[in-house]
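Chemist: need a structure here:
(one chain, ligands or ions: 2)
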Amino acid sequence: MSSVSFRRLEKSYGAVRIVKGIDLEIADREFVVLVGPSGCGKSTTLRMLAGLESISGGEIRIGERVVNRLPPRERDIAMVFQDYALYPHKTVYENMAFSLKVRGVAADEIGKRIAEAADMLGIGQLLDRRPSQLSGGQRQRVAMGRAIVRRPQVFLFDEPLSNLDAKLRGQVRTEIKRLHQAVGTTIIYVTHDQVEAMTLADRIVILKGGEIEQVGTPDEVYNAPASVFVGGFIGSPAMNFAPGTIRGGRVVLEGGAEIALDRAALRADAAEGRAVVVGIRPEHFVPAGEGAEVAGTVQVVEPLGADTLVHFTLGKATLTARLAPDMRPAPGETLSIGINPSRIRLFDAQTERALH
Ligand SMILES: Nc1ncnc2c1ncn2[C@@H]1O[C@H](COP(=O)(O)OP(=O)(O)OP(=O)(O)O)[C@@H](O)[C@H]1O
Ligand SMILES: [Mg+2]
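Modeler: Ligands and ions are numbered 1, 2, ... in the order given. Below is the predicted model:
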């Protein structure tokens, strides 16, 4: 069993509360990705789980065991950091063997596990090299190999790919996904990268200021963000937001434009006169005539090859639409465009929580 559970988990440094009572149940073999702005407590949470940081309150369980006061080596967790932290004077083989030797694993068993991990990660030909003789991506794979050979109950990754260039990131990301499918261990993974979060996670946990803002599958947090914060944090370019008021089945935006709502949106507590924030993802704009239609003024056009980003004003709001690559409106032009009505999200203007 390698489920992980946080109950009212707290961390304070002096009088400053950093982690403010996190409740989270992570299932055996689940891949959970933690995201959130810098300083929201992601690394602190991983470090508390690994036992590298004391906890100020609450409870951490790994499987059925409460590990609050257990030293790191008794928790059966392997952590891979952003900076790899390889021993510079040891070879790749010795780096991977070290923690097993310390635990008294027999030499032939160590050899077998390293061969297996090296094979999985494609680093078999590098075992005699030292870290200084490796590329960034190779070092990263060695750091993963070192974690894999320990066969821990839980893997923790803290932004493991952020030092790699875009192409390598993609490759190693795929390797991590394959690793999870092959080894089937519980993984908790911190990243700033949207694509990593969406592609790797069984569930994404969005943290804000030491508290959980939303937990859900990638589809759930993407399609039904629980708050303006989540909508703005997940997805790139970010969800568009515009303040307005519900009037006669429409949202009247500040500055005058109107967006028609479908029945589902109206059922969702959208009482006449309620102050709301409308959320629309850039990809949920559709050609004119296929949805709730609006007319904005084009500001900036960014052709990206696969699609075109068009920034336009609507009332007082500035919005971004992701359109087909052949759409090239000119700045200053009026843009008539539809919005897929079932994709429009409404948030309360005061609490910024979703109405749906
Ligand atoms: N030893 C410490 N003493 C005091 N404050 C600390 C200590 N370690 C971390 N903090 C503070 O705790 C907060 C959370 O830090 P943490 O490293 O968990 O953030 P993070 O979410 O991992 O951010 P990032 O995305 O930048 O890595 C930060 O405000 C940080 O300054
Ligand atoms: Mg961090």
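
Chemist: Check which residues of the host helix or strand of A242 are buried.
Modeler: Here A242 sits within strand 240-247, counting by DSSP states H and E. Neighbour counts using 16 or more other Cβ atoms under 10 Å place N240, F241, A242, P243, G244, I246 of strand 240-247 among the buried residues. Where C-beta positions appear, they are placed from N, C-alpha and C, glycine not excepted.

Chemist: In this structure the first one contacts H284, no?
Modeler: By that I understand N240. No - judged on Cβ atoms under 8 Å, N240 makes no contact with H284 at a distance of 9.1 Å.

Chemist: residues contacting D23?
Modeler: Listed by Cβ atoms under 8 Å, 6 or more residues apart in numbering, the contact partners of D23 are F6, R7, R8, L9, I212.

Chemist: should've said L168
Modeler: G136, G137, Q140, L161.

Chemist: run the last query once more with 7 Å
Modeler: G137 (Cβ atoms under 7 Å, 6 or more residues apart in numbering).

Chemist: Now do the phi/psi pair for it.
Modeler: phi -60, psi -40 (degrees, to the nearest 10).

Chemist: R178 and M144, how far apart?
Modeler: 11 Å (Cβ to Cβ, to the nearest Å).

Chemist: what number of residues lie near V205?
Modeler: A count of nearby residues for V205, using other Cβ atoms under 10 Å, gives 24.

Chemist: okay, now the domains of this protein?
Modeler: For the chain, the structural domains run 4-229, 238-348, going by automatic domain parsing.

Chemist: Could I get the contacts of D23 in TSV, plus columns for distance to A182 and neighbour count?
Modeler: Shown next, in TSV, are the contacts of D23 (distance: Cβ to Cβ, whole Å; neighbours: other Cβ atoms under 10 Å):
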residue	distance to A182	neighbour count
F6	27	22
R7	31	15
R8	35	11
L9	30	25
I212	30	17
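
Chemist: just curious, which of those residues is nearest to I110?
Modeler: F6 (33.3 Å; Cβ to Cβ).

Chemist: Assumed that closest one was part of a strand.
Modeler: Yes - assigned with DSSP: H, G, I helix; E, B strand; the rest coil, F6 falls within a strand.

Chemist: show me what contacts it?
Modeler: I22, D23, L24, G58, I60.

Chemist: If any of those are buried, put those into a PyMOL selection.
Modeler: To isolate the buried members of these in PyMOL, using 16+ other Cβ under 10 Å:
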select buried, resi 22+24+58+60
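
Chemist: would you turn the contacts of F6 into TSV with secondary structure and distance to P331?
Modeler: Formatted as TSV, those follow (DSSP: H, G, I helix; E, B strand; the rest coil; distance: Cβ to Cβ, whole Å):
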residue	secondary structure	distance to P331
I22	strand	46
D23	strand	49
L24	strand	46
G58	strand	53
I60	strand	54
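
Chemist: Just the helices from the stretch 1-150 of the chain, written as ranges.
Modeler: With DSSP state H, counting those that start in this stretch as the criterion, the stretch 1-150 of the chain has helices at 42-50, 92-102, 107-121, 136-148.

Chemist: comparing the ones you listed, which gets the lowest mean pLDDT score?
Modeler: Here the lowest mean pLDDT among those goes to helix 136-148, at a mean of 88.

Chemist: Buried residues, that one. List them.
Modeler: G137, Q138, R139, Q140, R141, V142, A143, M144, G145, R146, A147, I148.

Chemist: check contacts around the second one.
Modeler: For Q138, the set of contacting residues under the criterion of Cβ under 7 Å, 6+ apart consists of I123, L126.

Chemist: Next: the first one.
Modeler: Under the criterion of Cβ under 7 Å, 6+ apart, the contact list for G137 reads L164, L168, V172.

Chemist: TSV please, covering the residues you listed and showing pLDDT and distance to D202.
Modeler: Shown next, in TSV, are the contacts of G137 (pLDDT from 0 to 100; distance: Cβ to Cβ, whole Å):
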residue	pLDDT	distance to D202
L164	77	23
L168	78	24
V172	81	19
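
Chemist: Return the member of those residues nearest to P152.
Modeler: V172 (19.1 Å).

Chemist: List phi and psi for that closest one.
Modeler: Dihedral angles for V172 - degrees, to the nearest 10 - are phi -70, psi -30.

Chemist: Just to check, it is in contact with Q140?
Modeler: Yes - using Cβ atoms under 7 Å, V172 makes contact with Q140 at a distance of 5.9 Å.

Chemist: Common neighbours of these two, please.
Modeler: L161, L164.

Chemist: Quick one: name the residues of this protein near ligand 1.
Modeler: Y13, I18, G36, S38, G39, C40, G41, K42, S43, T44 (Cβ under 6 Å from any ligand atom).

Chemist: Can you give me the distance of the third one to V278?
Modeler: Same thing as G36. Distance from G36 to V278, by Cβ to Cβ: 24 Å.

Chemist: what's near enough to touch V92?
Modeler: Counted by Cβ under 7 Å, 6+ apart, V92 has contacts I123, L126, L127, R129, V142.

Chemist: just the buried members of those?
Modeler: For these, buried by 16+ other Cβ under 10 Å: I123, L126, L127, V142.

Chemist: would you turn the residues you listed into TSV with distance to V298?
Modeler: As requested, the buried ones among the contacts of V92 are exported to TSV (distance: Cβ to Cβ, whole Å):
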residue	distance to V298
I123	50
L126	52
L127	57
V142	50
